[in-house]
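Student: Pasting a predicted model and its sequence here:
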Amino acid sequence: MSGQKITIENGKLNVPNIPVVPFIEGDGTGPDIWAASQLVFDAAVAKAYNGERKIEWKEVLAGEKAFNQTGEWLPQETLDVFKEYLVGIKGPLTTPVGGGIRSLNVALRQILDLYACVRPVRYFTGVPSPVKKPELTDMVIFRENTEDIYAGIEYLAGTEEADKVKKFLKEEMGVNKIRFPESSSIGIKPVSVEGTERLVRGAIEYAILHNKPSVTLVHKGNIMKFTEGKFKEWGYELAEREYGDKVFTWAQYDRIAAEQGKEAADKAQDEALAAGKILVKDSIADAFLQQILTRPAEYSVIATLNLNGDYISDALAAIVGGIGIAPGANINYVTGHAIFEATHGTAPKYAGLDKVNPGSVILSGALMLEHMGWQEAADLIYKGLETAISKKRVTYDFERLMEGATLLKCSEFGQEIVDNM
Ligand SMILES: NC(=O)C1=CN([C@@H]2O[C@H](COP(=O)(O)OP(=O)(O)OC[C@H]3O[C@@H](n4cnc5c(N)ncnc54)[C@H](OP(=O)(O)O)[C@@H]3O)[C@@H](O)[C@H]2O)C=CC1
Ligand SMILES: O=C(O)CCC(=O)C(=O)O
Ligand SMILES: [Mg+2]
């Protein structure tokens with residue numbers, strides 16, 4: 001039998017026994033990682049369902065491979081296939097710094113409107129970590145994926161466009177505090193009510209579904225008041241309006257404290273939490289980045305803007321053992337479109353060496369299998385990975401920090417996971 005499409009009906013995925021799943025191999029270390037990952041996915045699915053289910057992989061092109069074969073970095077056909085087949089997975093794609101093409105990763109998220117970048121951060125026993133108690137870190141980042149300064153609306157210093165924007169700011173908006181107006185590039189930071197609400201909704205839904213104690217809105221709203229500050233406010237408003245019976249917010253706390261005093265607010269919060277409500281709170285981004293090191297147990301689901309989410313993702317990944325095992329998903333919960341991908345990039349200095357840790361893409365694939373409802377296959381991947389780590393048979397990134405470990409290549413680590421399923 002040949003493969004069929006995954007479809008969505010009333011917000012629920014229909015997954016056939018042989019779904020067609022598009023994949024992008026990726027640039028740099030992408031091909032090494034993909035080879036190891038596909039081996040693991042196929043073995044897990046075959047073992048979990050005794051051959052009754054199978055993924056039919058469909059390669060689509062993006063990045064250097066696409067450019068070399070088609071002259072385009074992100075061919076329309078690739079976008080069409082992701083649109084048609086709903087659920088896909090990708091390796092990392094290179095983005096040059098300072099000039100050249102804009103990020104293909106960001107373009108995919110924007111074009112398919114994959115508004116939630118969901119990156120779970122958990123500790124796997126035995127992974128070498130720079131902190132004393134990495135097991136206290138158990139968070140899921142919901143990073144807004146389509147807005148913010150990350151949208152790439154920028155004008156280069158010295159161009160007519162930049163001069164035009166600066167002229168407008170100066171003459172029509174009365175802006176007089178650009179320090180070096182002649183030589184400034186300008187970037188624009190759009191943050192909307194809709195963009196904020198759908199992201200925060202996704203985070204709260206996740207917290208409800210997975211019994212999480214809190215959702216923290218992370219922002220720099222003291223400085224960027226109408227963008228990051230409004231993200232916080234709109235987030236609280238959405239939480240109270242749509243999930244009033246399921247959450248207690250710090251905005252509520254502040255109102256009660258202002259009207260009835262701090263004691264009453266403490267009591268209201270204690271009662272709400274005792275009744276199983278989710279605490280929706282917020283943290284200013286700089287303080288948050290120190291608290292994930294000093295008080296990680298206080299945070300669970302994190303909802304934040306695009307750039308903050310990018311920084312937080314790598315910082316949290318480091319705490320639980322590094323970017324080699326940091327998975328993620330880009331999801332539109334309304335259309336059902338989803339592309340799973342690692343948090344890390346192409347690690348170009350290791351390209352073609354069969355060296356890096358394929359764990360991030362492998363765990364991204366496990367998230368994809370969970371998303372498809374194939375939990376048994378995902379669980380086999382977790383088991384294989386955990387056992388490989390407990391045997392200290394790992395790639396260079398872990399091996400260099402572990403005592404008595406055996407160094408495996410990227411491909412060997414994939415096989416090790418399969419052998420331990
Ligand atoms: N979603 C995407 O496709 C992303 C793409 N990128 C792009 O990737 C390119 C390279 O970016 P860069 O900033 O160097 O970040 P990378 O994440 O590619 O690499 C930074 C460092 O992280 C470690 N690392 C990365 N991947 C792995 C892995 N699989 N296993 C073990 N360690 C790993 C390595 O550390 P060490 O040196 O200590 O061994 C590496 O030098 C850029 O063009 C960037 O734009 C970046 C992020 C996401
Ligand atoms: O698109 C890129 O090149 C980088 C993106 C990135 O770092 C991320 O999404 O985490
Ligand atoms: Mg990043």
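Tutor: Thanks, I have it. Ligands and ions are numbered 1, 2, ... in the order given.
Student: how deep is Tyr311 tucked in, by neighbour count?
Tutor: Tyr311 has 13 neighbours, counted by other C-beta atoms under 10 Å. C-beta coordinates here come from the backbone N, C-alpha and C atoms, glycine included.
Student: Who's the closest spatial neighbour of it, skipping the chain neighbours?
Tutor: Distance criterion C-beta to C-beta, 6 or more residues apart in numbering; nearest residue to Tyr311, sequence neighbours excluded, is Leu289 at 7.5 Å.
Student: show me what contacts that neighbour?
Tutor: By C-beta atoms under 8 Å, 6 or more residues apart in numbering, Leu289 lies in contact with 311-312, 315.
Student: Mind listing what's buried along the longest helix seen in the chain?
Tutor: Longest helix in the chain, counting residues (DSSP state H): helix 30-48. Across helix 30-48, burial judged by 16 or more other C-beta atoms under 10 Å covers 30-34, 36-41, 43-46, 48.
Student: what's in contact with the next helix-or-strand element following it?
Tutor: Sequence-wise, the next helix or strand downstream of helix 30-48 (DSSP states H and E) is strand 56-59. With contacts defined as C-beta under 8 Å, 6+ apart, strand 56-59 is touched by 2-3, 18-25, 38, 81, 85.
Student: Tell me where the model's unsure across the chain.
Tutor: Counting by pLDDT under 70, the chain contains no low-confidence range.
Student: Contact residues of it facing ligand 1?
Tutor: Counting by C-beta under 6 Å from any ligand atom, the residues of the chain close to ligand 1 are 29, 92-95, 105, 323-324, 341, 344-348, 356-357, 360, 397.
Student: Break down the stretch 301-421 of the chain into its helices, ranges please.
Tutor: Assigned by DSSP state H, counting those that start in this stretch, the helices in the stretch 301-421 of the chain fall at 306-319, 359-371, 375-390, 396-399, 410-419.
Student: name the helices or strands packed onto the fourth one?
Tutor: In other words, helix 396-399. Judged by 3 or more C-beta pairs under 8 Å, 6 or more residues apart in numbering; DSSP states H and E, helix 396-399 is in contact with strand 406-407.
Student: Check the last one too.
Tutor: Contacts of helix 410-419 with other secondary structure elements, assessed using 3+ C-beta pairs under 8 Å, 6+ apart, are made with helix 30-48, helix 359-371, helix 375-390, strand 393-394.
Student: Run the chain-centre distance for that helix.
Tutor: Between the centre of helix 410-419 and the centre of its chain there are 25 Å (C-alpha atoms, centre = their mean, to the nearest Å).
Student: Buried residues in the helix or strand Glu205 falls within, which are they?
Tutor: Take DSSP H and E as the rule and Glu205 turns out to sit in helix 193-209. For helix 193-209, burial by neighbour count (16+ other C-beta under 10 Å) applies to 195-207.
Student: Tell me the one of those nearest ligand 1?
Tutor: Leu199 (18.1 Å; C-beta to the nearest ligand atom).
Student: Please name the residues that touch the residue of the chain found nearest ligand 1.
Tutor: The chain approaches ligand 1 most closely through Gly345 (2.2 Å), counting by C-beta to the nearest ligand atom. Neighbouring residues of Gly345 by C-beta under 8 Å, 6+ apart: 28, 92, 94.
Student: now those residues as JSON lines including neighbour count and distance to ligand 2?
Tutor: Output for these, formatted as JSON lines (neighbours: other C-beta atoms under 10 Å; distance: C-beta to the nearest ligand atom, whole Å):
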{"residue": "Gly28", "neighbour count": "22", "distance to ligand 2": "11"}
{"residue": "Pro92", "neighbour count": "26", "distance to ligand 2": "8"}
{"residue": "Thr94", "neighbour count": "20", "distance to ligand 2": "7"}
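Student: and which of those residues is nearest Phe168?
Tutor: When the contacts of Gly345 are compared for distance to Phe168 (C-beta to C-beta), Thr94 wins out at 34.1 Å.
Student: Distance of that closest one relative to Ala272?
Tutor: Going from Thr94 to Ala272 by C-beta to C-beta, to the nearest Å gives 47 Å.
Student: about what we covered before: got a winner among the contacts of strand 56-59 for most neighbours?
Tutor: For the contacts of strand 56-59, counting by other C-beta under 10 Å, the largest number of neighbours falls to Ile24: 28 neighbours.
Student: That residue against Glu64, yeah?
Tutor: No - look at Ile24 against Glu64 with C-beta atoms under 8 Å: they stay out of range, at 11.1 Å.
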